[in-house]
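Novice: mind folding the following:
(chains A, B, C and D, ligands or ions: 6)
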Amino acid sequence: MAGIGVAEVRSSLARVARALAANKDHLTELDQAMGDGDLGITAGKMAAALESYVEQEPPEDVGTYVAQAGMAVNRAASSSLGTLLATALMRAGKEVRGQHELTPSDLARMLAAADTGVQERGKAKPGDKTIIDVLHPAAETAVAAVAEGAAPEVVAERTLRAARDGRDAVTPLRSKIGRAGWIGERTEGLVDPGCEAGVIILSAILDGFEETA
Amino acid sequence: MAGIGVAEVRSSLARVARALAANKDHLTELDQAMGDGDLGITAGKMAAALESYVEQEPPEDVGTYVAQAGMAVNRAASSSLGTLLATALMRAGKEVRGQHELTPSDLARMLAAADTGVQERGKAKPGDKTIIDVLHPAAETAVAAVAEGAAPEVVAERTLRAARDGRDAVTPLRSKIGRAGWIGERTEGLVDPGCEAGVIILSAILDGFEETA
Amino acid sequence: MRKILNDPNSYVHEMLAGLLKAHPDQLGMAGDLHAIVRADAPVQGKVALATGGGSGHLPVFLGYVGKGMLDGCAVGDVFQSPSAEQMLEVTRRIHGGKGVLYVYGNYGGDVMNFDMAAEMADMEDIRVETVLVKDDVASAPPAEADRRRGVAGMVYAFKLAGAKADQGGSLDEVAAIARKTLEHTRSIGVALSPCTVPQAGKPTFTIGEGEMEIGMGIHGEPGMKRESLQSADVITERMLDALLEDLAPASGDTLTIMLNSLGATPHEELYIMYRKAAELLEAGGLSLHRPYVGRFATSMEMAGASITLLRLDDELKALLDAPAASPFFVQT
Amino acid sequence: MRKILNDPNSYVHEMLAGLLKAHPDQLGMAGDLHAIVRADAPVQGKVALATGGGSGHLPVFLGYVGKGMLDGCAVGDVFQSPSAEQMLEVTRRIHGGKGVLYVYGNYGGDVMNFDMAAEMADMEDIRVETVLVKDDVASAPPAEADRRRGVAGMVYAFKLAGAKADQGGSLDEVAAIARKTLEHTRSIGVALSPCTVPQAGKPTFTIGEGEMEIGMGIHGEPGMKRESLQSADVITERMLDALLEDLAPASGDTLTIMLNSLGATPHEELYIMYRKAAELLEAGGLSLHRPYVGRFATSMEMAGASITLLRLDDELKALLDAPAASPFFVQT
Ligand SMILES: Nc1ncnc2c1ncn2[C@@H]1O[C@H](COP(=O)(O)OP(=O)(O)O)[C@@H](O)[C@H]1O
Ligand SMILES: Nc1ncnc2c1ncn2[C@@H]1O[C@H](COP(=O)(O)OP(=O)(O)O)[C@@H](O)[C@H]1O
Ligand SMILES: [Mg+2]
Ligand SMILES: [Mg+2]
Ligand SMILES: [Mg+2]
Ligand SMILES: [Mg+2]
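Specialist: Ligands and ions are numbered 1, 2, ... in the order given. Sure, this is the predicted structure:
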């Protein structure tokens, strides 16, 4: 298996942009039910920022490339999820700064760094019903599968399943953080919009890497 | 024929109060059609002010008594018509200051002074479609009838007819003054609320004096 | 009615009681709550300025009672003239020996009552001069400019005449400044929603969402025409066109401008309008001095805005820049 | 939508452009229109104060950038946090060598972005301290006071910490004043109508005419309960009860109070509320010092009001009374 270079990362960011753009209305609806209904706008802004980011010529350093994508996202979309996604990209990039190629193990480390970074930034813990409930199990699963020596497509498949299961597991719970936290009870049974966005983003990344890897 | 003393003036002011109170809604409706719809409120305030004014023990000087009724009206109701009625009472009172009794000729002079005072105060002329179009012909008619030596009830009847005719004569015209002046065209065919109030007030005064005189 | 009040009949009374309670160092009353004066009135040896009019327009009218502006204000019920007697009480209390200037908006009830008050003051040997504010270009064509209503432009008259009085001007000089200021002042408004007079309990007029009326008066007096809501740039340009046509400044002139919210329209939107206004005026060769953006003359919770232009010469400019202080208006 | 604007997407951009155009002597920008700073920034040798948050609350936030208050402000879209990069730009531009204090409201997006900005500033050797405003008693019970949102009370933190910085305080001293001020500050709001975020194009929530919601947040966050509109006296008393229970002042204490309109509610109604509030507080043995009545923290055209109480000691009182000047707030 060839290592993953900046070209692959670039197209994965482009896929994330397309996926976010395609899911704008869906995310707005979810955020209207338990937040302030702007997540579609945020998704659109993040999509636009990433779209123009990937149009520029990338450096060879994958780490810097990913971290700067985070800066671009923050500049465009500074709502909660925009900031958290920016943090995720910045931390993931920092983890592999200087590298020109990534192994599956690097990807798992990047996911774990993103998880840790988002938890530090947002102060949410697993179970609070936020995007962490997607990121955290996904990162743990990816790290474990890579350590086990699983094939890349198996790693990807398990990671994605963990992400979806994480989202579904917190759906019956009550939101504890952010705007949805003010609403309390009424959030029980509703899909957390950040979780849904997390699944959309991870699917867009992993679907592609499955093919590439 | 006995002269008219402060007791008669007092009961005529009480009749004006009752007549204004009874016509509140009617005046509101007229003012809504071509003004700001507050004439009923003004009428109510004037009625209340006169009511409590006549409850106090009057002085013997009829002129001062009438003039101070004007001050009481102004204190309570300072909209256009409130101010004009206050002016009318103040000028009418001033005309007979120091007198303890009034003759029909005094009454006619008082009406003429009120007419002049209201024209000076409001700067409206006959034909502008305001209360002047009731006051002015009423005053002219009263002065002429008294000069002719007509019987008091005839003076009263002609004065009142002149007032009503004055109101009806300007109804087809366009308002030129005050709030109604801003609306222009749309006022044609509508009864001017101030004219109507003028007729109501003169009726209340003269109906009573007819009986007394 | 989306209003915070107790009895509609006590709306103004309670407002005034709260105001005096909040600002006892700056404001007092002359016998009657409806007769508001500077706490240090009368200022001896200074020409006194008085205004008055209906409530519901804060900071107009009483918000400009303070150092460097007005000495007193007679306060009527919502959208109603105060009484001549209340004006007389103010007049007596503020008179500092150099006469009293009445500056107020050209509305029938106010004119009649102030004229009555002036007659009464005259009988008490207080010299009174009167200057009427008639700045609303939408309320009558130039040929009938004397019929125009007074709106936000009165604030400039208060400020500049007040500064002149503060500097020791005589009654004639102070009145002359008020007249000169108003001669060079023009205003126009646009309304997007009505407001509710508490005692009426329902809106004074209706205007649909997505509609506007350029030229509407501050009590809902009819404007040019009802039409669909235009963009901020178009509204601003049309309002400025009306003002400039009437004021006819020459290229090179210096103007001050007031972007005034009628109440509900937020500061944010005033600055959007200001941006366009400044661009257009500067493109026309005019310079802007000391713009005022905020709520200076309102109609309670009405949505909408007004624009006022005042052409400045060196004298007016210096008076505009002079310090002033009231609970509603501070300039250092 | 009863709003005066052009493209909803350029609402904030055009507002900022207008603002800088109107007040070039007082305000400037740090590279980006969304990074507003004092025109004379950086003030060397003075601790710099920065805030930030979404637009739609003028004068909050940027209205308090000025002498004796804030040095800079990062400005987000309507009801949206600015970006960490914009905060960093402000931080760099205002830093006068003595460190930077961030004071802002406790909202998720703002906290995350300011934390990111602080980390970045740290990498540039700019010392940053952070104080979060959490004054809204309706947003969480006392046991969870750390979750409370920041509303109008932040104005007191800007004012007092700003005065301390102006007097030469160190970063720790200025931060301590901000913390002490907020420890003694409590706010609560009542909403009577919603407002419209331009990009959304429709009201952020619905509230019927004749209804109210005590405790509602400045973005329409749910309050206690929806109920029928009560009288001004009842509303005021219930709001004060909630504040006093939480602040628990002792008889003899001195408080300052802010009666703040959320936008559409006119000054007249604030003074009606103030009258009742002063009566109740004084009956409770409390004295009032320097009340603020007006629009200090709004939600565009929302109808409603908030009340803020701040318990003063001699130190805080002197800082409150210190002069300050911005385009939106002048105190002499
Ligand atoms: N502190 C936090 N930590 C982790 N995730 C968070 C946090 N706050 C919000 N989120 C996530 O962000 C989603 C909402 O995103 P967004 O609409 O951008 O937020 P907002 O409009 O409140 O700023 C939530 O569904 C949740 O998953
Ligand atoms: N300047 C004036 N001179 C004479 N009458 C006037 C004048 N202005 C108004 N009126 C009369 O007053 C009536 C309206 O009274 P009112 O409702 O008290 O006025 P407003 O509400 O406009 O102050 C008009 O119908 C008209 O007859
Ligand atoms: Mg949001
Ligand atoms: Mg959201
Ligand atoms: Mg009226
Ligand atoms: Mg009327």
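
Novice: mind listing the helices for the stretch 151-300 of chain C?
Specialist: C:154-166, C:171-183, C:232-247, C:267-283 (DSSP state H, counting those that start in this stretch).

Novice: point out the other helices and strands that the longest one packs with.
Specialist: Right, the one you point to is helix C:267-283. Packed against helix C:267-283 by the contact rule (3 or more Cβ pairs under 8 Å, 6 or more residues apart in numbering or on different chains; DSSP states H and E) you find helix C:232-247, strand C:254-261, strand C:287-288, strand C:292-294, strand C:304-312, helix D:11-22. Glycine gets a C-beta too; all of them are placed from N, C-alpha and C.

Novice: starting at the chain centroid, how far to that helix?
Specialist: 21 Å (Cα atoms, centre = their mean, to the nearest Å).

Novice: what residues does it touch?
Specialist: C:232-233, C:235-237, C:240, C:255, C:257, C:259-261, C:288, C:291, C:293-294, C:305, C:307, D:3-6, D:11-12, D:14-19, D:21-22, D:55-56, D:58-59, D:63, D:298, D:300, D:328 (Cβ atoms under 8 Å, 6 or more residues apart in numbering or on different chains).

Novice: and the angle from that helix to helix D:11-22?
Specialist: When axes from the mean of the first three to the mean of the last three Cα atoms, to 10 degrees is applied, the directions of helix C:267-283 and helix D:11-22 differ by 50 degrees.

Novice: and for the first one?
Specialist: Compare the direction of helix C:154-166 with that of helix D:11-22 by the same axes, to 10 degrees and you get 20 degrees.

Novice: any low-confidence regions in the chain?
Specialist: Since no chain was named, I'll use chain A. Counting by pLDDT under 70, the ranges of chain A that qualify are A:1-2, A:208-213.

Novice: my bad, the chain I had in mind was chain C
Specialist: If you take pLDDT under 70 as the line, chain C has no such spans.

Novice: outline the domain layout of it.
Specialist: Annotated domains of chain C cover C:11-183+C:322-331, C:185-320 [automatic domain parsing].

Novice: select, out of those domains, the one closest to D:Tyr107.
Specialist: D:Tyr107 sits nearest to domain C:185-320 of all these, at 18.8 Å, using Cβ to Cβ.

Novice: do I have it right that C:Gly153 meets C:Glu183?
Specialist: No - at 10.8 Å, C:Gly153 does not count as touching C:Glu183 under the criterion of Cβ atoms under 8 Å.

Novice: out of the two, which sits in the busier spot?
Specialist: C:Gly153 (29 against 11; other Cβ atoms under 10 Å in any protein chain shown).

Novice: tell me how many other residues crowd residue 157.
Specialist: Just so you know, I chose chain A. A:Glu157 has 15 nearby residues by other Cβ under 10 Å.

Novice: not what I meant, chain C
Specialist: Using other Cβ under 10 Å: C:Ala157 sits among 29 other residues.

Novice: please apply the same query to C:Asp241.
Specialist: 12.

Novice: pretty sure C:Gly285 is touching C:Ser251, no?
Specialist: Yes - the pair C:Gly285 and C:Ser251 passes the contact test of Cβ under 8 Å, sitting 3.3 Å apart.

Novice: the two: who's more crowded?
Specialist: C:Gly285 (11 against 7).

Novice: can you tell me how far the more buried one sits from C:Lys317?
Specialist: 18 Å (Cβ to Cβ, to the nearest Å).

Novice: do A:Ala114 as well
Specialist: In terms of Cβ to Cβ, A:Ala114 sits 60 Å off from C:Lys317.

Novice: so which of these two has more stuff around it?
Specialist: A side-by-side neighbour count of A:Ala114 and C:Lys317, using other Cβ under 10 Å, places A:Ala114 first with 26 against 15.

Novice: next up, the contacts around the more buried one.
Specialist: A:Thr87, A:Ala88, A:Leu89, A:Arg91, A:Ala92, A:Leu135, A:Ala139.

Novice: return the member of those residues nearest to ligand 6.
Specialist: Nearest to ligand 6 among the contacts of A:Ala114 is A:Thr87, at 63.6 Å by Cβ to the ion.

Novice: these two touch, right, the closest one and D:Asp115?
Specialist: No - between A:Thr87 and D:Asp115 there is no contact under Cβ under 8 Å: 9.4 Å.

Novice: when those two are compared, which one has more neighbours?
Specialist: Neighbours per residue (other Cβ under 10 Å) separate A:Thr87 from D:Asp115, with A:Thr87 holding more: 26 against 21.

Novice: how far away is the more buried one from A:Thr116?
Specialist: Taken as Cβ to Cβ, the span from A:Thr87 to A:Thr116 is 10 Å.

Novice: got it, and A:Leu190?
Specialist: For A:Leu190 relative to A:Thr116 (Cβ to Cβ), the value is 27 Å.

Novice: and the residue of chain A most remote from its centre, helix, strand or coil?
Specialist: Here chain A reaches farthest from its C-alpha mean at A:Glu185, the gap being 26.6 Å by Cα atoms, centre = their mean. Three-state call for A:Glu185 (DSSP: H, G, I helix; E, B strand; the rest coil): helix.

Novice: got the contact list for the nearest residue to it once chain neighbours are set aside?
Specialist: The shortest distance from A:Glu185 to any non-neighbouring residue, by Cβ to Cβ, 6 or more residues apart in numbering or on different chains, is to A:Arg174 (6.3 Å). Neighbour list for A:Arg174: A:Lys129, A:Gly184, A:Glu185, A:Thr187, A:Glu188 [criterion: Cβ under 8 Å, 6+ apart].

Novice: residues touching the fourth one, list them.
Specialist: Put plainly, it is A:Thr187. A:Met34, A:Lys129, A:Arg174, A:Ser175, A:Ala180.

Novice: restricted to strands, list the residues you listed.
Specialist: Of the contacts of A:Thr187, none are assigned to strands by DSSP state E.

Novice: sorry, back to before: what's the closest of the helices of the stretch 151-300 of chain C to C:Ala140?
Specialist: If we rank those by Cβ to Cβ, the stretch that ends up nearest is helix C:232-247, at 10.7 Å.

Novice: quick one: distance of that closest one to the chain centre.
Specialist: Worked out by Cα atoms, centre = their mean, helix C:232-247 lies 20 Å from the chain centre.

Novice: okay, and the beta partners of C:Val131?
Specialist: Counting by DSSP bridges, C:Val131 is bridged to C:Val103.

Novice: go on, the one 5 residues further on?
Specialist: For C:Asp136, the beta-bridge assignment (DSSP bridges) gives partners C:Ser187.

Novice: give me the distance between it and A:Leu107.
Specialist: For C:Asp136 relative to A:Leu107 (Cβ to Cβ), the value is 69 Å.

Novice: C:Gly28 now?
Specialist: For C:Gly28, the distance to A:Leu107 - Cβ to Cβ - is 76 Å.

Novice: burial measure for A:Ile177, as a count.
Specialist: Quick note: A:Ile177 (other Cβ under 10 Å) scores 20 neighbours.
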